[in-house]
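Engineer: here is my input, please return the structure:
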Amino acid sequence: MLIFQSKASAGHVTPDGHPERVARLAAIARGVQGVAAQWRDSPLGVEEDILRAHSPAHLARVRAAAPQEGWAQLDGDTFMSQGSLAAALHAVGGACAAVDAALAGQDGRAFVIARPPGHHAQRDQAMGFCLFSTVAIAALRALQHHGLTRVAVVDFDVHHGNGTQDCLWDQAGVRFISSHQSPLYPGTGAADERGAHGQILNIPLRAGGASAAMRAAYDSAVFPMLRDYQPQLILISAGFDAHRDDPLGGLGWEVQDYAWVTRGLCAIADQSGAAPVVSCLEGGYDLGALENCARAHVAAMMGDADE
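Structural biologist: Sure, this is the predicted structure:
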């Protein structure tokens, strides 16, 4: 197991009371404490990778918005501090480095601890706490740099990954699957949003459906699609805000649900010619739930078979 992290993540400071806060990193660290993994520093992401998913104008706007002190507000809930640009660039670099390492056979499982999250950042717009669409960038690197033809992105954050969907809308070589609460921010992710090549699967879930609804959806739709697809790489947008204690959602998942879905994805990867699995942190804002869910997620990636 590889774990990628950068000290730059702590430099992304948000205003008091903002749910996407530096303290999330300590919660994750407690969750994965003692894990028998190889820790690596996330490098700085490069422009070539970012421009696979984003327009030059978007990259220029984010760079220009970075403040010298205080905060810059990009939308109603997306802020940048002096260290935010570096944090976001290292998030991109960590995701791309994890893909590179996994595809080079260094380890078949990797977890990228990074903030800000990325799955709401669209091709031309930062939003929803996110500056760059980290997982979409990693998927496009797998396609365009490594030459893969079947990449799967699975997003189980409580919010729809509208940015990932936007950046991958025209990409026939990527299956994007998002399960998310609906209705909820950002208001996208309807089942009829299918992508330019029919390669997108959105699974809207009603609040309060809890474990039963999620497991039924994955068993009936997500896992069969992935088995048929036989991905060469699975990327996970690992948001832990569907947990019942999270303040931003209402799906009511339990810690064991994250272990269950992670085991299912890893089993499909193993059945698909030992495809690597790279997971990148997205949401999760109750610190206790974040700690416990991250622990269960990483343990499941490492092959813990406990139910």
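Engineer: which parts of the stretch 201-307 of the chain are strands?
Structural biologist: 233-238, 277-281 (DSSP state E, counting those that start in this stretch).
Engineer: deepest of the ones you listed, which one?
Structural biologist: strand 277-281 (a mean of 28; mean count of other CB atoms under 10 Å). Yep, even glycine has a C-beta here, placed from its N, CA and C like the rest.
Engineer: show me where pLDDT drops low in this protein?
Structural biologist: Screening the chain residue by residue with the criterion pLDDT under 70, one finds the ranges 305-307.
Engineer: can I get the strands of the stretch 201-307 of the chain in JSON lines with distance to residue 117?
Structural biologist: Below are these laid out as JSON lines (distance: least, CB to CB, whole Å):
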{"stretch": "strand 233-238", "distance to residue 117": "8"}
{"stretch": "strand 277-281", "distance to residue 117": "7"}
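Engineer: partner residues bridging residue 238?
Structural biologist: Using DSSP bridges, the bridge partners assigned to residue 238 are residue 281.
Engineer: and the strands of the stretch 201-307 of the chain: which comes nearest residue 37?
Structural biologist: Checking those against residue 37 by CB to CB gives strand 277-281 as the closest, at 12.2 Å.
Engineer: tell me which other helices or strands the closest one touches.
Structural biologist: Applying 3 or more CB pairs under 8 Å, 6 or more residues apart in numbering; DSSP states H and E, one finds that strand 277-281 contacts helix 84-103, strand 109-113, helix 134-144, strand 233-238, helix 255-271, helix 287-301.
Engineer: of the ones you listed, which is nearest residue 220?
Structural biologist: Closest to residue 220 of the helices and strands packed on strand 277-281, according to CB to CB: helix 255-271, at 12.3 Å.
Engineer: distance between the closest one and the chain's centre?
Structural biologist: The chain centroid and the centroid of helix 255-271 are separated by 15 Å, computed with CA atoms, centre = their mean, to the nearest Å.
Engineer: now stretch 181-200
Structural biologist: Using CA atoms, centre = their mean, the offset of stretch 181-200 from its chain centre is 16 Å.
Engineer: if anything else comes up later, I'll come back, but that's it for now.
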